[in-house]
Every structure is written in structure tokens, then in C-alpha cells.
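> what follows is a protein structure lacking sequence information:
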């Protein structure tokens, strides 16, 4: 039986992402997103989301629907922002977190924290 290590799980994830990227290219898809891998001594599981060209993820739809209520302009969806001294692309929203992407990695940040950062930058992405 294989004993899982964080490093081994990360290696498997990278290989899965590469394989899914090849599948996306072959079938003309925009791409796949792998969720958080959960693992134990018996195995692992990971949610996978595929996206058609021009389609929107459920998280992006949620952000687009709630942007005004949260104090953002709809332009926040897919926008490039600076957060924690790094550049991110806004990928959507899950619960009270924004999903931010940097390269092929995604991170979450509290909506209020992103809003405060953008306010300090006098960002045009905030609603009046």
C-alpha cells in the first residue's frame, strides 16, 4: 500500500492537470479546474470542473449575480487585480470568498478583504 505524502499528492495533481489540459485542447474546451484534493491512507478524491469555450463557471456566475450587492461593479468578473502585492485574475466567488488565479494556481480571499484592498487602491471596480 502506498503511503500518501503531500509532495506525492501535489505531483499527482500536476500530472492530472497536464492530462486534463491535453484533453481540453483535443476537444476544444476552455479548460478544466481541479478542486481541492482530499486524501487518506486508502486513496484520494478531487472535484473536476470542465468549461466550454465562452462558458462561465458556477463561481463566476455567482459573483456576477452578487457583484452589485457586494459593492463591486460587474467588471470585477475576470478582472486583473493587485492583491497582497501580487497580480491575480478574479475567477469567481464561493461562499464569502473570492477565487483569485495566479498562473495555473487558484487561491481564495475573503470578499471584504478584497474590497478593502481595492478601496485603498481607489479601484474603478468598486460600485459607487
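Nice, I can see it. Computed from a predicted model, the values in this text were never measured in an experiment. Numbers count the residues shown, from 1 in each chain.

> for this structure, longest helix please?
Counting residues, the longest helix in the chain under DSSP state H turns out to be helix 6-27.

> which positions in that helix come out as buried?
By 16 or more other Cβ atoms under 10 Å, the buried positions in helix 6-27 come out as 20, 24. For every residue, glycine as well, the C-beta is placed using N, CA and C.

> show me what contacts residue 94?
By Cβ atoms under 8 Å, 6 or more residues apart in numbering, residue 94 lies in contact with 59, 62, 108.

> go on, residue 116?
Contacts of residue 116 by Cβ under 8 Å, 6+ apart: none found.

> that one belongs to a strand, doesn't it?
No. Using DSSP: H, G, I helix; E, B strand; the rest coil, the assignment for residue 116 is helix, not a strand.

> what about it, distance to residue 50?
Distance of residue 116 to residue 50, given as Cβ to Cβ, to the nearest Å: 34 Å.
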